[in-house]
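Peer 1: Sequence first, predicted model second:
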Amino acid sequence: MRRLLYLNSVLVLVIGVPLYLRSEHTDTWFAWTINPPLTAAALGAGYWASFVLELLSARERLWARTRVAVPAVLLFSTLTLAITLVHADRFHFHSPRLITRAGTWVWLGVYVSVPLAMSWLLVAQQRQARPDPARVAPLAPWARVVLALQAAVMLGVGVPMLLVPRAMLGAWPWELTPLTSRAIGAWAVGIGTIAAHAAWENDWWRLRPTMLSYTLLGVLQVSSVLRYPADLDRSRLAAVVYVLFLATILLLGGYGCWKTRHARRANG
């Protein structure tokens, strides 16, 4: 499991490069063409935040400090495979550019292999895991409530974006297609699962990778909006709600980083 998390961290770091740094050139540098650039940057922010989560989780020595990452990554990768198969005609499998075509086939290979490998390893890990250590730094009740509410919002938005993407196009703060709606929906479901799992773990001592990743996610998503303000339809109430929600992620992530640091110092 540790080796797979290390490998995954490299993969998501690489995938995030064209999305976040080349957001306006996904026709060449990514598996499918994404417009507007804000969508590509938002997806890239998710991949880079996942890089931190998976890398730091792989470095942990106890399963209780690692496992928040695993179900969410498994769920997200499975959903992304399904999205790729449903919208295969939108992907660059037959691009005349070798680098674009090769990258697209690598994308498919990653999302076929990762869910299979992680499913098998999760079963093996569960069989070998030691009993959980006692919770030593419980979350404040308000922090658990905020995580639970964030999870409910992300799952409540992400599931319809996956299942009925056309019905959600007008409700998003910028222009989407059915494919990009589902791609963002998969991230919303994955991150919502992480938030719910973190609330259930209820121990800052276990949540260092999660909180660092959460903070980075907030920073990168806010930066994406600042990079492409013209893509955001500020006439929609959804735009205001979106920015405020990002602020809650950033603030809770920063607070959680401070709390996890103190919990680690106090408990080793």
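Peer 2: Structure received.

Peer 1: Residue 232 contacts residue 239, doesn't it?
Peer 2: Yes - between residue 232 and residue 239 there is a contact under C-beta atoms under 8 Å: 5.3 Å. Bear in mind the C-beta positions are built from the backbone N, C-alpha and C, glycine included.

Peer 1: Which one's more surrounded, those two?
Peer 2: Using other C-beta atoms under 10 Å as the criterion, residue 232 and residue 239 rank with residue 232 on top: 20 against 16.

Peer 1: Quick check: pLDDT value at that one.
Peer 2: With respect to pLDDT, residue 232 scores 94.

Peer 1: What of the one 4 residues further on?
Peer 2: Note for residue 236: predicted pLDDT of 89.

Peer 1: For it, give its distance to residue 242.
Peer 2: Per C-beta to C-beta, to the nearest Å, residue 236 is found 9 Å from residue 242.

Peer 1: so what's in contact with the two at the same time?
Peer 2: residue 173 (C-beta atoms under 8 Å, 6 or more residues apart in numbering).

Peer 1: The two: which has the busier surroundings?
Peer 2: Comparing residue 236 with residue 242 by neighbour count (other C-beta under 10 Å), the higher total belongs to residue 242, at 19 against 15.

Peer 1: From what I see, the more buried one and residue 173 are in contact.
Peer 2: Yes - between residue 242 and residue 173 there is a contact at 4.7 Å, judged by C-beta under 8 Å.

Peer 1: So for those two, which residues contact both of them?
Peer 2: With C-beta under 8 Å, 6+ apart as the test, residue 242 and residue 173 both reach residue 232.

Peer 1: Quickly find the element holding the most centrally placed residue in the chain.
Peer 2: In the chain, the centroid-proximal residue (C-alpha atoms, centre = their mean) is residue 46; its distance is 4.3 Å. Taking DSSP states H and E as the definition, residue 46 sits inside helix 37-59.

Peer 1: Return the set of buried residues in that helix.
Peer 2: For helix 37-59, burial by neighbour count (16 or more other C-beta atoms under 10 Å) applies to 37-58.

Peer 1: for this structure, what are the low-confidence residue spans?
Peer 2: Scanning the chain for pLDDT under 70 picks out 268.

Peer 1: how about 80 then?
Peer 2: 129, 264-268 (pLDDT under 80).

Peer 1: list the buried ones in stretch 155-168?
Peer 2: For stretch 155-168, by 16+ other C-beta under 10 Å, it's 155, 157-158, 160-162, 165, 168.

Peer 1: swap in stretch 219-226?
Peer 2: 219-222, 224-225.

Peer 1: burial of residue 235, as a residue count?
Peer 2: 8.

Peer 1: ok, it to residue 173 distance?
Peer 2: As defined by C-beta to C-beta, residue 235 lies at a distance of 10 Å from residue 173.
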